[in-house]
Structures are given as structure tokens and as C-alpha cells.
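*Asks:* How does the following fold in three dimensions:
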Amino acid sequence: MAPQREWFDTDYYAVLGVASGASEKDITKAYRRLAKQYHPDANKGDAAAEEKFKEISAAYDVLGDAEKRKEYDEVRAMVASGGRGGAGFGPGGFGAGDFGDVRFDFGDADGGGIGDILSGLFSRGGRASGGRRSSPTGPKRGADLETELHLDFLEAVHGVTTSVRFTADALCSVCNGTGAQPPSLPETCSTCGGSGNVERNQGPFSFSDVCPTCGGRGSIVRDPCTNCRGTGVEVRQREVKVRIPAGVNDGQRIRVKQRGAAGQNGGPPGDLYVVVHVRPDARFGRKGNDLTIRVPVTYPEAVLGAAVKVPTLENPVTVKVPAGTRSGKTVRVRGKGITPSSGQAGDLLVTFDIAVPPSVSAEERAAIEALADAMKWNPRADLGV
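*Replies:* The predicted structure is shown next:
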């Protein structure tokens, strides 16, 4: 990926409030916290919060991607050193060190020098002959978005297709993203022929600049849409269908491609990330793909052994209680756990708890007293009492 002009102007680490050496986990944690704070759903009608949310999403789009982050750090290091050193500009490109002790001046308005050439590469969205890159004012990919989804335990276990609702950028509902007031349509730019770029030559280099007529869009809107003011994008309530795979874990992020914020100037939409929250179940717990359950047994069943019925995700199964079972003993039932969309089925882990009846009949009391008189075993012998 080629460096973007915004990389020179914006400290994405400061945007997320993390150090430049922060781990991926810390960056993700900071992003989630800020995204939740400034999400449009939580700040309805607050334009400043909306812009902050977009800035946070743009920062995470770079720092949350290992490859983009590496290139961004290289560019920022070059900026911090005043343009000296050997920071490269991507595969097949050239680095600052290739020009000797030359200071790159990206703010030089006079032109004519190597600083102007490099400035053309970034600030004007140009390309050296042999490579093309999009301009900041041309088509731009939409931001990635994140929303939350709460599921019941069994929905997460079996998987479900459902919908999530959130407020975000979307294609204008009036012009369908064209930016032109219906029934009119954008016209192809006569200056660039619809490419969004115009060629220019400078010595041994050939560059492609953003078309000055259409601003890199490749088209001209004569009659802007009154709903979106010609941008092709509006902020509105959206509903997106999402398929949750079987066996999804609490806190897992599901990616829905191209269902994020709408792109600008004809650019593609970003992605939507759905963070799943799973409600606990009254009977079952979970350890990975294994299900856990606690089953009460009577004292005679624990002492003498028994076969008891245990619930599963489908039909009950019969599980053997070994003679002499102590409270807290766990047995494994193979293949009766969670079967994820990809991977092997887990097991059912059954933990026995010896249950004490809240009350007994006269006959039961007599039997228990007779047992107590006959029993010679002292469970407290190890305590010396």
C-alpha cells in the first residue's frame, strides 16, 4: 500500500491515545473504548462526535493492520528526521537515501526541485510512470465500523442469521450515491476523460496529477442532490444482515465485508465488525468447545453408584455415577459438546454434586439414623478429631 498524505499530517497514535510502541492488543482496546464513546448511536446529532468517530476509525484502519502500521511508522520516522535517511516508499520505489544529503521540503510552493517531485507523489496523488495510486480527493474507501450484538447461549452454540442496527454513513437514499439530483446523472469529465487524473512530465519522471476540473472524481455533477448536497453519502439508520457461525465465542468479532461506512467520491465501502456478546445459560457453561454442567446426585447414588440421565444440547444421555463418587467429581461424555462451523466437536463435562434433601419423612429419618449408627467411617480422621 502506498503512503497516504494523511500519514504525514496526522499522528494516529495520539488519536487513539496510545504510545508508538503499543501492542496490537492495547491498540484494539483503545480503539474499542473510543469508538464506543464517540459512536453516532450514542451521540445523536453531535457533529463533532461524528467527526471524532471517523478520525478514530481511520487511525485504527492503519494501526490495526500490521502491514499498514509498518509503512506508516516508516513514513512518520522520515517526517520526524526532516526527510533524511533511507526510508523507502514501497516496493520498487526509491528512498530518501537515494538522493544523498537532500532535505525533502513538502511545503515548497515554488516547485522545480526533488522536493516538489516527491510532494507531487503524495500531496497531488500523482504516480511515477509504472505505478498508479488513488488521490486523496478522488475515490476513497469508507471507514470500517464496529457494532455489538447480544445473543442467547444456544444461539451462539448453534449459529444464527440475524440483523444488526446502527447509525452510520450510507449511500444517499435519494441519489443512490451518484451525488446528482434525480433524474439527472453525473457527466464524464471532459478534461480527464473520466480517469480523474491528468498526465504531466517533469524531466525523467512522468506523473499523474489529480484532475483540476473534477477533483479526481472523473465526473462532474451539474445538479447536486439536495439530500446529500452532492456527496453521495448521508448519515442514517442502517440494518445489516449478519450470519453468526455455530460455536461463536463471547467477545468474538465477525467481519462483514463492505458493509461499513460508505466510500467517498465513488470509493468502495469499508467493512463492518460485529462484536458478539453471549448471555449465560441457566444449565450449561462453556470451556472452549466443551460444555459443562453440574448434576446433583443423592448420597446413596454417590456411595453405591448409579446411572443418571443428563441433559445435552439435543436429547438426554445416561451417565454412570461410579461407586464412591465424591462431590465435585467430573466425568467426560465424548462428542456431546459444541460443534463449531469449522473444527471438531467438543465434549460434555459432567460434575456431580451430592445433594442434601431439605426435609425427610419419618421413615427416611429412621433409615438415616440406622445408617449413622452402623457406619464406622470417620471422614474427619485426617483432621485428628
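*Asks:* wait, what's in contact with residue 56?
*Replies:* By Cβ atoms under 8 Å, 6 or more residues apart in numbering, the residues touching residue 56 are 15, 16, 31, 34, 35, 38. For glycine as for every other residue, the C-beta is placed from the backbone atoms N, C-alpha and C.
*Asks:* can I assume the fifth one sits in a strand?
*Replies:* No: for residue 35, which was evaluated using DSSP: H, G, I helix; E, B strand; the rest coil, the result is helix, with no strand membership.
*Asks:* helix, strand or coil for the residue most central in space within the chain?
*Replies:* By Cα atoms, centre = their mean, the chain has its centre lying nearest to residue 273, at 4.1 Å. Secondary structure, three-state DSSP: residue 273 is strand.
*Asks:* Tell me where this protein has helices.
*Replies:* Along the chain, counting by DSSP state H, helices occupy 5-9, 12-16, 24-38, 47-63, 66-80, 114-122, 153-158, 299-304, 362-374.
*Asks:* any idea which of those helices scores lowest on pLDDT?
*Replies:* Note on the helices of the chain: helix 114-122 shows the lowest mean pLDDT, a mean of 43.
*Asks:* Can you get me a residue count around residue 362?
*Replies:* Residue 362 is flanked by 7 other residues according to other Cβ atoms under 10 Å.
*Asks:* how near is it to residue 355?
*Replies:* Separation of residue 362 from residue 355 (Cβ to Cβ, to the nearest Å): 21 Å.
*Asks:* As a markdown table, the helices of the chain with distance to residue 142 would be great.
*Replies:* Shown next, in a markdown table, are the helices of the chain (distance: least, Cβ to Cβ, whole Å):
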| stretch | distance to residue 142 |
| --- | --- |
| helix 5-9 | 15 |
| helix 12-16 | 18 |
| helix 24-38 | 15 |
| helix 47-63 | 9 |
| helix 66-80 | 16 |
| helix 114-122 | 22 |
| helix 153-158 | 29 |
| helix 299-304 | 61 |
| helix 362-374 | 71 |
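*Asks:* right, and those - which one's nearest residue 252?
*Replies:* Closest approach to residue 252 among the helices of the chain is made by helix 153-158 (9.0 Å; Cβ to Cβ).
*Asks:* How about residue 289: what's its closest non-neighbour residue?
*Replies:* Take residue 289 and drop its neighbours on the chain: the residue closest to it by Cβ to Cβ, 6 or more residues apart in numbering is residue 346, 3.0 Å away.
*Asks:* Could you pull out the strands in the stretch 251-385 of the chain for me?
*Replies:* According to DSSP state E, counting those that start in this stretch, the stretch 251-385 of the chain carries its strands in the segments 253-256, 272-278, 285-287, 290-297, 306-310, 317-321, 330-333, 348-354.
*Asks:* Need the ones you listed in JSON lines (columns: mean pLDDT).
*Replies:* Formatted as JSON lines, the strands of the stretch 251-385 of the chain follow (pLDDT from 0 to 100):
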{"stretch": "strand 253-256", "mean pLDDT": "94"}
{"stretch": "strand 272-278", "mean pLDDT": "95"}
{"stretch": "strand 285-287", "mean pLDDT": "95"}
{"stretch": "strand 290-297", "mean pLDDT": "97"}
{"stretch": "strand 306-310", "mean pLDDT": "96"}
{"stretch": "strand 317-321", "mean pLDDT": "97"}
{"stretch": "strand 330-333", "mean pLDDT": "96"}
{"stretch": "strand 348-354", "mean pLDDT": "97"}
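*Asks:* Give me the distance between the nearest residue to residue 356 once chain neighbours are set aside and residue 364.
*Replies:* In space, residue 356 comes closest to residue 299 once its chain neighbours are excluded; the distance is 7.8 Å by Cβ to Cβ, 6+ apart. Computed as Cβ to Cβ, the residue 299 to residue 364 distance reads 11 Å.
*Asks:* In terms of packing, which of those two has more residues around it?
*Replies:* The residue with more neighbours, out of residue 299 and residue 364, is residue 299; 14 against 11, by other Cβ under 10 Å.
*Asks:* Neighbours of the spatially closest residue to residue 250 that is not a sequence neighbour, how many?
*Replies:* In this structure, residue 250 finds its nearest non-sequential neighbour in residue 278, 4.1 Å apart by Cβ to Cβ, 6+ apart. Number of residues near residue 278 (other Cβ under 10 Å) recorded here: 20.
*Asks:* Check residue 309 too.
*Replies:* Residues within reach of residue 309, counting by other Cβ under 10 Å, total 10.
*Asks:* Tell me which residues touch residue 230, please.
*Replies:* Residues near residue 230 by Cβ under 8 Å, 6+ apart: 179, 180, 221, 224.
*Asks:* Could I get those in JSON lines, plus columns for neighbour count, distance to residue 26 and pLDDT?
*Replies:* Shown next, in JSON lines, are the contacts of residue 230 (neighbours: other Cβ atoms under 10 Å; distance: Cβ to Cβ, whole Å; pLDDT from 0 to 100):
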{"residue": "179", "neighbour count": "23", "distance to residue 26": "39", "pLDDT": "88"}
{"residue": "180", "neighbour count": "23", "distance to residue 26": "45", "pLDDT": "91"}
{"residue": "221", "neighbour count": "20", "distance to residue 26": "43", "pLDDT": "90"}
{"residue": "224", "neighbour count": "17", "distance to residue 26": "43", "pLDDT": "92"}
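*Asks:* Relative to residue 341, which of these is nearest.
*Replies:* residue 179 (40.4 Å).
*Asks:* In contact with that closest one, which residues are there?
*Replies:* Residues in contact with residue 179 (Cβ under 8 Å, 6+ apart) are 172, 186, 221, 224, 225, 228, 230, 231, 232.
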